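A.B. asks: A predicted structure for the sequence below; I have some questions about it.
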Amino acid sequence: MNITTLTPQFFTDQGSKRVQIAYGPYTVSQMAVNNGMSDIIERTMQTPCQDCVITFMQAGLQYPNGTYANANTSLWLHHIVLFNTANLDTVCGANEPGERFFASGNERDPVDITLNGTNTAGYYLGPNDNVGAVIELMNQGMTEQAAVVTITYEYIPKLPSQWHKVTPIWIDIGGCSSDEPAKNNSVFQYSSPTWIANATGRVTFTVGHLHDGGTHLEMYKNNDSFCDSVAAYGQTPGYVDAMSNMAMSGSMDMHISSMTDCTTGQVNLGDEISITAFYNTTEYAPMKNNDGSLAPIMGIALMYLAQGETYGGGPTTASPTMSGGMTMSGGMTMSSGMTMPVTGTASITKVTATGAAAAVTPAAALIAGAVGGMAVVVFA
Ligand SMILES: [Cu+2]
């Protein structure tokens, strides 16, 4: 049995449910193999529900017997990303296998879209939507280990009237890839390309992701900071290396154990959204590969926009033409001056003159043709 029933926390009047699904077990090869990294691609993940609204998600890592796995047991949930292949990713379009709607690094921060039950918004999963996953697990031990990835979901088994779907917005210092080179013993920062908003909504929740060495992640709208997600290190024993690892590295290493959330903001059409990831590898040691070289770093903000909650709570004013796109001119890894047309997702609605909402269908073939030749999906 890989589904555990839990007690829902919010919106029980709407019939909410809470479950934990266990995925795997996966075999994670020992540290001498590929720097201990094992990559898994799941084309179809078991979902908690269909035609439903997901209000909360949190990843975890454990051994097949249910015991907790973390850095102190030499096993990392390096990352997991869930994507919905029924929708295009709003920021990166067909460069991604689907709409990226959940991500977690080893810090395993909860994604609480309803913010303790104060937002009537969530991620809508359609009746026939398919969810895939990219998973990377890391083993810093000398022997192979088996691990189970868990995701706790809270959901409402329908789309309640008056509720709003959220559009997930993934902003990345790598543009539409995710890895950047680290630097030793220094203070440095990376900024993302600017995303010209082609989706609108009130920000219900934003979760940040950095690698060890990171101190904070700032988000900017039209050059003004509106969110600062701050990293905390070693808050629980799981995030402090065990004695065996200490002996090897010669120091007491601590790892990122949480990032603060941002729960306010508004994105309107044409807004210029970007992030900057701040690192200080003098203060916090960065991760190293087996040969002593530095592992790549990341800076990501995943923001959830409640559709239809714009301009003081009036009806949605999403683009009738969906003409926005991500300008990659500031990108670290993309060729300069490249513009990626993005035509929005199936879940974005537009409002006609009479105020009735109509679904916009993504023109997947068009987009695939327009952005051919770019990297598909890179997470680490
Ligand atoms: Cu990462």
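C.D. replies: Thanks, I have it. Numbers count the residues shown, from 1 in each chain.
A.B. asks: hey, let's count contacts and neighbours off CA atoms from now on
C.D. replies: Noted.
A.B. asks: From residue 81, how far out is residue 134?
C.D. replies: Separation of residue 134 from residue 81 (C-alpha to C-alpha, to the nearest Å): 5 Å.
A.B. asks: All the strands of the stretch 101-250 of the chain, residue numbers only.
C.D. replies: For the stretch 101-250 of the chain, applying DSSP state E, counting those that start in this stretch gives strands covering 111-112, 121-125, 131-139, 145-156, 164-172, 187-191, 194-196, 201-210, 214-221, 224-233.
A.B. asks: of all these, which lies closest to residue 86?
C.D. replies: strand 131-139 (8.2 Å; C-alpha to C-alpha).
A.B. asks: Export the closest one to CSV, keeping only CA atoms.
C.D. replies: Backbone C-alpha positions of strand 131-139 (Å, rounded to 0.1, in the frame of the first residue of the first chain) are rendered in CSV as follows:
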residue,chain,number,x,y,z
VAL,A,131,1.9,14.0,-14.2
GLY,A,132,5.5,13.2,-14.8
ALA,A,133,8.5,13.7,-12.5
VAL,A,134,12.2,14.3,-12.7
ILE,A,135,13.9,13.0,-9.6
GLU,A,136,17.6,13.2,-8.5
LEU,A,137,18.7,11.4,-5.4
MET,A,138,22.3,11.7,-4.0
ASN,A,139,24.2,9.2,-1.9
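A.B. asks: tell me which residues in it are buried?
C.D. replies: Within strand 131-139, the residues that qualify as buried by neighbour count (16 or more other C-alpha atoms under 10 Å) are 131, 132, 133, 134, 135, 136, 137, 138, 139.
A.B. asks: for these, which one is nearest residue 72?
C.D. replies: residue 139 (10.9 Å).
A.B. asks: Dig out what that closest one forms beta bridges with.
C.D. replies: Beta-bridge pairing of residue 139 under DSSP bridges involves residue 75.
A.B. asks: Pretty sure it sits against residue 75.
C.D. replies: Yes - in this structure residue 139 lies within contact range of residue 75 using C-alpha atoms under 8 Å: 4.7 Å.
A.B. asks: any common contacting residues for those two?
C.D. replies: residue 145 (C-alpha atoms under 8 Å, 6 or more residues apart in numbering).
A.B. asks: What strand or helix carries residue 96?
C.D. replies: Using DSSP states H and E, residue 96 maps to neither a helix nor a strand.
A.B. asks: For residue 178, see how far away it is.
C.D. replies: Residue 96 is 12 Å from residue 178, by C-alpha to C-alpha.
A.B. asks: do the same with residue 107
C.D. replies: Taking C-alpha to C-alpha as the measure, residue 107 falls 17 Å from residue 178.
A.B. asks: from the buried residues of strand 131-139, which is closest to residue 157?
C.D. replies: For the buried residues of strand 131-139, the nearest to residue 157 is residue 131 (16.6 Å; C-alpha to C-alpha).
A.B. asks: Who is that closest one paired with across the strands?
C.D. replies: residue 84.
A.B. asks: got a list of what it touches?
C.D. replies: 43, 44, 45, 46, 47, 82, 83, 84, 85 are the contacts of residue 131 under C-alpha under 8 Å, 6+ apart.
A.B. asks: confidence score at residue 178?
C.D. replies: As predicted, residue 178 sits at a pLDDT of 86.
A.B. asks: swap that for residue 311, please
C.D. replies: 36.
A.B. asks: ditto for the one 4 residues further on
C.D. replies: With respect to pLDDT, residue 315 has a value of 40.
A.B. asks: Can you list the residue ranges for helices in the stretch 201-350 of the chain?
C.D. replies: 243-249 (DSSP state H, counting those that start in this stretch).
A.B. asks: For this structure, give me the ranges with low pLDDT.
C.D. replies: By pLDDT under 70, the low-scoring segments of the chain are 1, 243-252, 310-380.
A.B. asks: tell me the centre residue of it?
C.D. replies: In the chain, the C-alpha nearest the mean C-alpha coordinate belongs to residue 103, at 3.0 Å (C-alpha atoms, centre = their mean).
A.B. asks: hey, what's it bridged with?
C.D. replies: residue 81.
A.B. asks: Tell me the spacing between it and residue 110.
C.D. replies: For residue 103, the distance to residue 110 - C-alpha to C-alpha - is 10 Å.
A.B. asks: In terms of neighbours, single out the busier of residue 107 and residue 178.
C.D. replies: residue 107 (26 against 19; other C-alpha atoms under 10 Å).
A.B. asks: For the closest residue to the more buried one other than its chain neighbours, list the residues it contacts.
C.D. replies: Spatial nearest neighbour of residue 107, excluding adjacent residues (C-alpha to C-alpha, 6 or more residues apart in numbering): residue 257 at 4.5 Å. Taking C-alpha under 8 Å, 6+ apart, we find residue 257 in contact with 106, 107, 108, 231, 232, 233, 234, 235, 236, 239.
A.B. asks: what about the residue nearest to residue 208 when sequence neighbours are not counted, how many neighbours?
C.D. replies: Spatial nearest neighbour of residue 208, excluding adjacent residues (C-alpha to C-alpha, 6+ apart): residue 301 at 4.5 Å. Neighbours of residue 301 under the rule other C-alpha under 10 Å: 27.
A.B. asks: check contacts around residue 301.
C.D. replies: By C-alpha under 8 Å, 6+ apart, the neighbours of residue 301 are 169, 170, 171, 172, 206, 207, 208, 209, 217, 219, 275.
A.B. asks: and if you look at residue 144?
C.D. replies: Neighbours of residue 144 in contact, by C-alpha under 8 Å, 6+ apart: 27, 28, 29, 30.
A.B. asks: cool, and residue 265?
C.D. replies: Residue 265 neighbours (C-alpha under 8 Å, 6+ apart): 202, 203, 204, 226.
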